[in-house]
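1. below is the sequence, then the predicted model.
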Amino acid sequence: MSDPIRTLGVLRTVRQHENLMLHFGAMRTMGWAIVAMLLCLMSTTALHSAEPVTELLAQKVLTKDSPAQGVLDRENLVAWCIVPFDAKKRSPSERAQMLNELGLKRCAYDWRAEHVASFEEEIQQYAKHKIEFFAFWSTHESAFSLFEKYHLHPQIWQTLAAPKEAVGEDRVEPTAQAMVPLAKRTAAMKCPLGLYNHGGWGGEPANMVAVCRRLRELGYEHVGIVYNFHHGHDAIADWKASWTLMKPFVICLNINGMNDKAEPKILGLGKGKHEIEMLRVVIDSGYTGPIGILDHRNELDSRESLQENLDGLDGLREQLEAIAVR
C-alpha cells in the first residue's frame, strides 16, 4: 500500500513544482537560487506528509480486518451441495447466476448421474459468470477430460474406504495404498486431492490424518483433508484437539450449525449450540483456508439455504469479533 501513496505524494509534488515554475516564470528578476530553495522546501514537506498517510492507512487495515473477517469473508467462501440438493433443480446457467447474485465466487460441484451430460455446460457457465470451479466430488472420466480441456485444476474430494479385514492402526497402510492410484492421477492433473470425512473409520480425524500423512510420505504432497462439520458431530466434545491434529492438512473446511447428536444433522449457521466455539478454535489457530457453506437439504431452494447460512455467518462473525475484543 505504501508505493501508491508515495506515488501520489510525488505526483502532488511535481504538480506543485509545475505551478510554482509558472508562477515564477513571470518574475524573471527573482534569482534561481531562491526558486531552488523553495522547491527543495516543498519537496521535503510533501514527502514527509506522505509517510504518515501511508502509516495511517496501514493501521486502518490492521485494526479493521480481524482474523474472523478474513477467513469468513464472502470471497473466501465455497458453495457446497447445491446441485442435486436444490429443490428448484436449477440449470448450470441459473446456478451460476444465483451464485453471482449472492456474491459467492467459488463452487464445489456435487453431482448425480443425471448431471453428467451437463458437466461441460457447468464449466462454461462458471467461466462466463467468473465463478471458480473450486472442487469436484469423487471421480468421473468425463469430468477429468473436461478439466484437461479447460485447463482446470479443482480439488478432488474423495472419501476413505477402510478395509474390513484390518482393524485399528493396521487399516492405515492398506487404506493409503488403496488411495495411491487416485493420488497419482490427481498429481498428474495438478489437482489437490482432499480426503473427505463421511462418517465411519475413514471420517475420524486421527485416521484421516494418519492416512494423509502416509500418502505424503509416499510422495503425494498434494493430498490434504476436507473436513465437514455436518459429518463430524462426534468430534464436538474434543474439537480443539481434533482440529489441532488436522489443521496442517486441511485444504477446505465445510461448516454447519452444530447441535449434540446431530439433531438435526443439517442446520443453518448460527442456529446451533456449538458452531461458534468450533469456529473460534479454527480462527484462533490461524487457519486461512477456504470455508464451505451448505445447502444439502432437498426440500429447500439452494438460494434460500445459502442465504440463511450467509446471514447466520454474519451474526457469528460479529459475535466472534466481540469475543476477540474482550
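-> It's in. The structure presented is a predicted model; accordingly, all values stated were derived computationally and were not measured.
2. could you report the neighbour count for Glu132?
-> Neighbourhood size, Glu132 [other C-beta atoms under 10 Å]: 17. C-beta here means a position set from N, CA and C on the backbone, and glycine is covered the same way.
3. return the set of residues that bridge with it.
-> Arg106 (DSSP bridges).
4. residues contacting the most centrally placed residue in the chain?
-> Centre of the chain computed as the mean C-alpha position; nearest residue by C-alpha atoms, centre = their mean is Pro290, 2.3 Å away. Contact analysis of Pro290 by C-beta atoms under 8 Å, 6 or more residues apart in numbering lists 76-78, 106, 134, 251-253.
5. and those, which are buried?
-> The neighbour-count test (16 or more other C-beta atoms under 10 Å) marks 77-78, 106, 134, 251-253 as buried among the contacts of Pro290.
6. now stretch 90-105: buried residues?
-> For stretch 90-105, a neighbour-count test (16+ other C-beta under 10 Å) marks 90, 92, 95-99, 102, 104-105 as buried.
7. so what's the residue nearest to Ser138 when sequence neighbours are not counted up against?
-> Spatial nearest neighbour of Ser138, excluding adjacent residues (C-beta to C-beta, 6 or more residues apart in numbering): Gln158 at 6.0 Å. Gln158 sits next to 138-139, 179, 182, 193-196 when contact means C-beta under 8 Å, 6+ apart.
8. okay, those in CSV with neighbour count, pLDDT and secondary structure next?
-> Compiled in CSV, these are given as follows (neighbours: other C-beta atoms under 10 Å; pLDDT from 0 to 100; DSSP: H, G, I helix; E, B strand; the rest coil):
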residue, neighbour count, pLDDT, secondary structure
Ser138, 13, 98, coil
Thr139, 13, 98, coil
Met179, 24, 98, helix
Leu182, 17, 98, helix
Leu193, 25, 98, strand
Gly194, 26, 98, strand
Leu195, 26, 98, strand
Tyr196, 24, 98, strand
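9. what is the nearest of those residues to Ile283?
-> Nearest to Ile283 among these, counting by C-beta to C-beta, is Gly194 at 20.9 Å.
10. is it true that that closest one touches Val226?
-> Yes. Judged on C-beta atoms under 8 Å, Gly194 makes contact with Val226 at a distance of 3.6 Å.
11. now do the shared contacts for the two.
-> Common neighbours of Gly194 and Val226, using C-beta under 8 Å, 6+ apart, are 135, 155, 157, 251-252.
12. among those, which ones are in strands?
-> Among the shared contacts of Gly194 and Val226, DSSP state E puts 135, 155, 157, 251-252 in strands.
13. low-confidence ranges in the protein?
-> 1-67, 69 (pLDDT under 70).
14. perfect, I'm done here.
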